[in-house]
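J.: Prediction below, plus the sequence it came from.
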Amino acid sequence: MKYAVLSENIPNNHELIFNKTNSKIIEIELVKVIIPFYTAGMLECKHLTKRYGNQKRNAVDDLSLSIGSGQIFGFLGPNGAGKSTTIKMLVGLLTADQGAILFDGKDSKTDALSYKQNIGYVPDEPVFYERMTGMEHLSFIADIYEVEQTIRKERIETLAKTLLLYDALSDQISSYSHGMKQKLSVIAALLPSPKLLILDEPMVGLDPKASYILKQLLKDYAQAGNTVFFSTHVLEVAQQLCDTLGIISKGKLLYSGTFEALQAKKGEGTENLEQLFLELTEEGKLS
Ligand SMILES: Nc1ncnc2c1ncn2[C@@H]1O[C@H](COP(=O)(O)OP(=O)(O)OP(=O)(O)O)[C@@H](O)[C@H]1O
């Protein structure tokens, strides 16, 4: 009762608490706690740097970026710019010399297993046990990621039918074309339902129909709140599909943001991404 009477006279940002040690009621000021952390589903790279032993310059040089959940991020750059090296660090195939990578607040080094459990990866040249059938490969992946039997059956059927590979799943992978292997790799990456999907040049080898279907799939996947990070040389694909872009050249990230913001930075007369890309990578910096 005493507490209720007293509480009417205190400011809004104060509170009364009972101190057990001296049996007195004391007044405390409430402090707003800001957790200096991450937004759910966010990918963060901080000062990532990697140099191969025999090289004169860093393959990736002090690269920092963050990508929010529900976004499709396109990673562009000329040959040898550092795209695959960055991707290999993101998926844990290479260790960065310096810097940190976090996804959903999990550090790729100190919390590696939780970090990797959230990631699906489609490499530029997928490698398989060629004597397995497509279905055997997918069951193998589902076993590794402990995908429950009924869920895996449902997901394999839906994904394989969507990507037009269902009828070939009982064939040996050695009989698959490059495009079919690419599709199998996408299905395998999505099977554990990861929150982050990383793809290295995913459209290479796909026919126009398969490429269209994959773009739709990536859009739906991102709309469901997941994050997509993919590298490409096909600038129209990046322009159509991506919410944000990153442009890398000689290991340095030259730009990260929306296409519209990049266009605004470069000013009038640069309507297409190809022109912007060429200007930027030739100059090596934004004006
Ligand atoms: N295994 C390696 N050993 C030594 N140097 C490497 C190795 N892999 C890549 N590099 C070098 O690192 C730099 C970045 O290469 P990376 O493969 O990351 O570029 P990229 O942007 O993916 O190129 P591309 O578009 O041609 O695939 C290049 O100078 C390349 O020669």
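T.: Thanks, I have it.
J.: for the stretch 1-150 of the chain, which spans come out with low pLDDT?
T.: Counting by pLDDT under 70, the stretch 1-150 of the chain contains low-confidence ranges at 1-10, 12-15, 17-21, 28-40.
J.: all helices for it, in order.
T.: Taking DSSP state H, counting those that start in this stretch as the criterion, the stretch 1-150 of the chain contains helices spanning 2-7, 83-90, 112-117, 134-144, 149-162.
J.: Packed most tightly, which of these would that be?
T.: helix 83-90 (a mean of 24; mean count of other CB atoms under 10 Å). To be clear about C-beta, it is placed using only N, CA and C from the backbone, and glycine gets the same treatment.
J.: between the helices of the stretch 1-150 of the chain, which one is nearest to Ile173?
T.: Across these, Ile173 has its closest neighbour in helix 134-144 (6.2 Å, CB to CB).
J.: where along the protein do the strands fall?
T.: Listed in chain order, the strands of the chain (DSSP state E) span 14-19, 24-29, 43-50, 60-67, 72-76, 98-103, 106-107, 119-122, 196-200, 227-231, 244-249, 252-257.
J.: quick one: contacts for Tyr121?
T.: Going by CB atoms under 8 Å, 6 or more residues apart in numbering, Tyr121 touches 91, 189, 197-199.
J.: Please repeat the previous calculation with a cut-off of 10 Å.
T.: Taking CB atoms under 10 Å, 6 or more residues apart in numbering as the criterion, Tyr121 is in contact with 87-88, 90-93, 185, 188-189, 194, 196-200, 229.
J.: And those, which is closest to Glu157?
T.: Nearest to Glu157 among the contacts of Tyr121 is Ala188, at 14.4 Å by CB to CB.
J.: thought that closest one was touching Leu159?
T.: Yes: assessed by CB atoms under 10 Å, Ala188 is found in contact with Leu159 at 9.2 Å.
J.: Specify the beta-bridge partners of the closest residue in space to Phe230 that isn't next to it in sequence.
T.: Distances taken as CB to CB, 6 or more residues apart in numbering place Leu199 nearest to Phe230, at 4.0 Å, with adjacent residues excluded. In this entry, Leu199 is beta-bridged to Val122, Phe230, by DSSP bridges.
J.: List the contacts of Leu199.
T.: Under the criterion of CB under 10 Å, 6+ apart, the neighbours of Leu199 are 75, 87, 120-124, 182, 185-186, 189, 214, 218, 228-232.
J.: do the same with Pro126
T.: 137, 173, 178, 181-186, 188-189, 200.
J.: Recalculate using a threshold of 6 Å.
T.: Shown in contact with Pro126 (CB atoms under 6 Å, 6 or more residues apart in numbering): 181, 185.
J.: could you measure it against the ligand, distance?
T.: 15 Å (CB to the nearest ligand atom, to the nearest Å).
J.: how about that residue, phi and psi?
T.: The phi and psi values for Pro126, taken as degrees, to the nearest 10, are phi -60, psi 140.
J.: Would you quantify the distance from it to Pro202?
T.: Applying CB to CB, to the nearest Å, the value for Pro126 to Pro202 is 10 Å.
J.: The residue lying closest to Met89 once chain neighbours are set aside: neighbouring residues, count only.
T.: In space, and not counting its chain neighbours, Met89 is closest to Ala96: 5.1 Å by CB to CB, 6+ apart. Residues within reach of Ala96, counting by other CB atoms under 10 Å, total 22.
J.: go on, Gln240?
T.: Using other CB under 10 Å, Gln240 has 12 other residues around it.
J.: Which pLDDT value belongs to it?
T.: pLDDT recorded at Gln240 is 85.
J.: same deal with the one 4 residues further on?
T.: Thr244 carries a pLDDT value of 94.
J.: Contact residues of this protein facing the ligand?
T.: Residues of the chain lying close to the ligand by CB under 6 Å from any ligand atom are 52, 54-55, 59, 77, 79-85.
J.: returning to what we had before: quick one, which of the helices of the stretch 1-150 of the chain is nearest to Lys250?
T.: helix 83-90 (11.8 Å).
J.: Packing partners of the closest one?
T.: Contacts defined by 3 or more CB pairs under 6 Å, 6 or more residues apart in numbering; DSSP states H and E place helix 83-90 against strand 196-200.
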